[in-house]
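Q: From the sequence below, what's the structure:
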Amino acid sequence: MRRLEITNAPTMRYLFQLEIERSDESRYDHRLHGVLLVAQGLSCSKVANLLGHTTKTIENWVNRFNSNGFNALRDEKHTGRPSKISVSDLEKIDRDIRLDPQDLGYNQNLWDGKLLSHHIKMKYGILLSVRQCQRLFHKLGFRQRIPRPISSKGDPIKQDEFKKIKDAC
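A: Here you go, the predicted structure:
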């Protein structure tokens, strides 16, 4: 009988690893397989070679399993960095940006990341980058609007007539 082979094996090994990393359950199953192979008598270095990890990774899995059982092979919760903005401040900021910036004493007609960053720093004492403020707009359900440029040499009456002609077509 002919030996089976995976076509384009190096690429497929990489894709297998990506698929394993895709979900918590597949990573847990992968770790289970690694610990099972060690339980069947393979060395950590042999299992590491087979699964595409370092020997130290396999040793860590086995040690975690020995000390805390199956749950030790599951991914821990990743909470991320805590927000600089409290829930109450976020609600206040949401109310602020629903107002016209000129109502709050600014010279701009529209909110943007730079203005929001300045506003939060001045009113709430919280330093956020422009990019974080742009994300904050998105989180609060706003979308970016860029004002249309107005030609300084354009005749507003002719422009208005052109719009009426174009709409009639």
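
Q: How many residues are close by Gln132?
A: 17 (other CB atoms under 10 Å). All C-beta atoms are positioned from the backbone trio N, CA, C, and that covers glycine.

Q: Grab the nearest non-local neighbour of it.
A: Using CB to CB, 6 or more residues apart in numbering and skipping the chain neighbours, the partner closest in space to Gln132 is Ser117 (7.7 Å).

Q: which residues make contact with stretch 35-54 from outside it?
A: For stretch 35-54, the surrounding residues in contact (CB atoms under 8 Å, 6 or more residues apart in numbering) are 13, 17, 30, 33-34, 55, 57-59, 61-62, 65, 73.

Q: now the helix or strand harbouring the residue nearest to Gln132: how far from the chain's centre is it?
A: Per DSSP states H and E: Ser117 is located in helix 113-124. Chain-centre distance of helix 113-124: 23 Å, with CA atoms, centre = their mean, to the nearest Å.

Q: For the helix or strand that that helix is followed by, buried residues please.
A: Next helix or strand after helix 113-124 toward the C-terminus (DSSP H and E): helix 130-139. Residues 132-134, 136-137 are the ones in helix 130-139 that count as buried (16 or more other CB atoms under 10 Å).

Q: Could you do stretch 29-41 as well?
A: For stretch 29-41, by 16+ other CB under 10 Å, it's 30-31, 34-35, 37-38.
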